[in-house]
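Based on what follows, work out the 3D shape:
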Amino acid sequence: MSESTPRGSRGLAISLAATGALLLTAVVAAPASGATESAEGVDVCESFRAAGDNFAEYCIAEEAANEVAATYTIPGVDEISSSPNIELISNIPKFGGFAAEGAYNSDLAFQGKYAFAGNYEGFNVYDISNPSSPQVVSQVVCPGSQGDPSVIGNLLFFAVDQSRTNDSCSSAVGSVTQATSWEGVRIFDISDKANPQYIKSVRTDCGSHTQTLVPSKDGKTAYIYVQSYGPPANGSGFYCKPPHDKISIIKVPLDNPTSASVVATPVLFPGTTGANSTSGCHDITVYPELDLAAGACMGDGVLFDISDRENPVILSQVRDTNFAFWHSATFNNAGTKVVFTDELGGGSSAICTSSYRANQGADAIYDIVGSGANRQLVFKSYFKIPRLNTTRENCVAHNGSLIPAMGRDIMVQAWYQGGVSVWDFTDSANPVEIAYWERGPLSTTRNILGGAWSTYYHNGYIYSNDIQKGFDVLKLDDPRTNNARAVAFGELNVQTQPSYPACTTVISNRVNGGLDVNSGITCLDGVTVNGATKVAPGAGLIAFNSTLNGSVTATGASVVSIVESNVNGSVNAIGATLRDSKVTGSVATS
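Numbering: from 1, shown residues only. Predicted coordinates for the structure are as follows:
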């Protein structure tokens with residue numbers, strides 16, 4: 001992996017001059033402050049120099065890649081190729097202040113019926129109550145790469161990893177050497193989704209390349225783990241000094257968010273502990289319920305104990321000679337595995353060609369073994385999409401999320417112009433793809449940075465923020481994943497990983513004579529139960545696409561959820577969830 005480009009040289013060639021703090025959907029398209037548009041004859045690596053991510057810093061020149069082997073029919077420009085079990089049901093192209101090629105779409109967050117889609121120029125708010133026809137609610141133009149959003153309650157946090165002349169939405173590109181420049185985290189009040197209000201900024205050293213929301217245990221505070229890297233090697237950065245082997249932690253009192261401030265800057269890799277290339281972390285995913293975090297820290301994969309939110313403690317640290325740039329992490333629901341991604345080529349290169357091996361620019365699956373302070377990361381296998389792309393398509397492992405399928409570890413993942421992949425890693429040593437969807441290259445004559453940046457499963461559908469093509473909604477129809485519709489989240493920040501009820505028993509056959517659930521969580525997937533269903537205290541029942549011919553009774557159950565099902569009888573289960581289901585008898589759930 002090459003050395004990082006000094007941040008002081010990371011200027012942007014084009015800027016967007018916003019005429020107010022917030023510009024919404026009526027904004028006319030303007031030049032973007034992201035990367036310059038690449039053109040024929042321009043070095044592809046240099047054309048991404050201004051992107052603000054590590055695109056140029058780890059770019060692999062086009063001539064280093066061979067032509068693609070003819071083992072897969074690659075779709076043409078604007079053509080789509082997919083497995084039969086997944087389809088695109090909606091797309092909203094980029095528009096307004098985000099229409100330009102250099103205005104890159106980035107990460108996603110969800111709350112209620114809304115999706116928040118980040119962009120290097122700000123963020124969009126979509127109403128996704130009808131996934132086949134999402135509606136634009138607002139567009140907030142507030143430039144500053146790379147625009148990763150997180151939401152909690154009435155607050156949205158927005159990552160800015162670019163020196164600006166000040167913290168306002170009308171700022172211009174600044175210099176990392178100047179004390180007056182600003183980069184860090186912006187905070188918006190989103191209580192009115194049609195008119196978000198910018199209420200607070202917090203400066204952080206080296207800005208905020210990504211940020212992760214970590215709720216406090218009492219629910220009164222949100223912590224923001226700020227990941228950033230790449231200080232100028234000559235030490236010229238005013239707030240961004242080497243070695244920067246740390247993260248910044250912002251504390252946000254939820255009842256007084258304008259008092260948010262940095263409360264800790266823990267050094268994670270003191271002395272020689274970090275790899276030579278490690279200068280901070282690219283991304284951290286937290287699992288608050290388990291007090292765990294997994295950090296993709298450039299040259300290292302790290303497992304943390306975050307019992308003390310202001311003082312993360314390293315439990316295990318691993319390196320892989322096949323990994324060039326540890327980019328992101330995903331736990332399985334049980335918290336016994338971590339999937340790390342390698343962003344070889346920095347996101348701008350064609351890594352899904354015959355020039356690169358199956359363990360390059362791929363995922364690595366690690367099991368977590370041991371307990372307590374002795375937990376360790378143990379490598380099990382790699383996963384990479386089994387299709388080749390053209391040398392015009394930037395493709396590498398990127399952001400994805402779990403699909404809460406019953407009894408299985410399945411995730412959906414973005415691969416830039418490699419498209420969207422759904423894969424099963426229930427067997428850590430033998431992952432397998434079960435669905436894919438991709439567009440053809442954006443161009444056959446020049447390299448254009450594009451493809452799926454973040455692709456996440458949320459409440460029955462897959463949402464993908466494509467860098468150039470806009471906001472996509474896909475529907476997955478597969479017997480291994482359809483039962484994931486039994487799980488719904490009111491709020492989802494993928495890097496703040498939520499848990500969902502874990503099936504200890506999955507039944508998919510007819511049950512005669514009734515069903516007694518005495519312990520664990522029994523999950524019914526397309527089952528007919530003939531007779532009464534009883535759930536003992538502490539046990540749980542999840543029924544999806546099932547028919548229960550008899551009453552359902554539960555007292556003190558850990559969970560009772562009946563989704564897309566029929567109950568021919570009564571339901572007496574305090575706290576139970578009934579969604580998209582029909583009950584012929586009486587219902588007592590509260």
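
residues contacting residue 458?
Taking C-beta atoms under 8 Å, 6 or more residues apart in numbering, we find residue 458 in contact with 110, 115, 401, 489, 492. To be clear about C-beta, it is placed using only N, CA and C from the backbone, and glycine gets the same treatment.

longest strand in this structure, by residue count?
Longest among the strand segments of the chain by residue count, using DSSP state E, is strand 155-164.

returning to what we had before: which members of the contacts of residue 458 are classed as buried?
110, 115, 401, 492 (16 or more other C-beta atoms under 10 Å).

From those, which land in strands?
Using DSSP E, these in strands are 110, 115, 401, 492.

what sits against the last one?
If I follow you right, that is residue 492. The contact partners of residue 492, by C-beta under 8 Å, 6+ apart, come to 109, 110, 111, 456, 458, 498.

Report the beta-bridge partners for the second one.
With DSSP bridges as the criterion, residue 110 is bridged to residue 115, residue 492.

pretty sure it contacts residue 496?
No. Checked against C-beta atoms under 8 Å, the pair residue 110 and residue 496 is beyond contact range at 11.3 Å.

Could you measure from residue 313 over to residue 304?
In this view, residue 313 and residue 304 are 6 Å apart by C-beta to C-beta, to the nearest Å.

Comparing those two, which residue is more hemmed in?
When residue 313 and residue 304 are compared for neighbours, residue 304 comes out ahead with 22 against 14, by other C-beta atoms under 10 Å.

Tell me the helices and strands packed up against the helix or strand hosting the more buried one.
Counting by DSSP states H and E, the element that carries residue 304 is strand 300-305. Applying 3 or more C-beta pairs under 8 Å, 6 or more residues apart in numbering; DSSP states H and E, we find strand 300-305 packed against strand 292-297, strand 313-318, strand 326-331, strand 337-342, strand 363-369, strand 376-383.

Go ahead and measure how far the last one is from the middle of the chain.
Right, strand 376-383. Centroid separation for strand 376-383 versus its chain: 20 Å, with C-alpha atoms, centre = their mean, to the nearest Å.

how about that strand: buried residues?
By 16+ other C-beta under 10 Å, the buried positions in strand 376-383 come out as 377, 380, 381, 382, 383.

Which neighbours in the sheet does that strand have, and how are they oriented?
strand 363-369 (antiparallel).

and the angle for the strand it pairs with with strand 313-318?
Angle between the axes of strand 363-369 and strand 313-318 is 130 degrees (criterion: axes from the mean of the first three to the mean of the last three C-alpha atoms, to 10 degrees).

May I have strand 363-369 as PDB, with CA atoms only?
Output of strand 363-369 as PDB, limited to C-alpha atoms (Å, rounded to 0.1, in the frame of the first residue of the first chain):
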ATOM      1  CA  ASP A 363     -14.000  -9.700   2.700                       C
ATOM      2  CA  ALA A 364     -12.200 -11.600   5.400                       C
ATOM      3  CA  ILE A 365     -14.300 -13.500   7.900                       C
ATOM      4  CA  TYR A 366     -13.000 -13.800  11.500                       C
ATOM      5  CA  ASP A 367     -14.500 -15.800  14.300                       C
ATOM      6  CA  ILE A 368     -14.300 -14.300  17.800                       C
ATOM      7  CA  VAL A 369     -13.100 -17.000  20.200                       C
END
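
what mean pLDDT does it have?
Across strand 363-369, pLDDT averages out at 98.

For that strand, buried residues please.
363, 364, 365, 366, 368.

what ranges do the helices span in the protein?
In the chain, the segments counted as helices under DSSP state H are 44-47.

Do I have it right that residue 254 meets residue 187?
No. Assessed by C-beta under 8 Å, residue 254 is found out of contact with residue 187, at 11.2 Å.

which residues are common contacts for those two?
residue 155.

Neighbour count for these two, which is higher?
residue 187 (22 against 16).

Many thanks, we can stop here.
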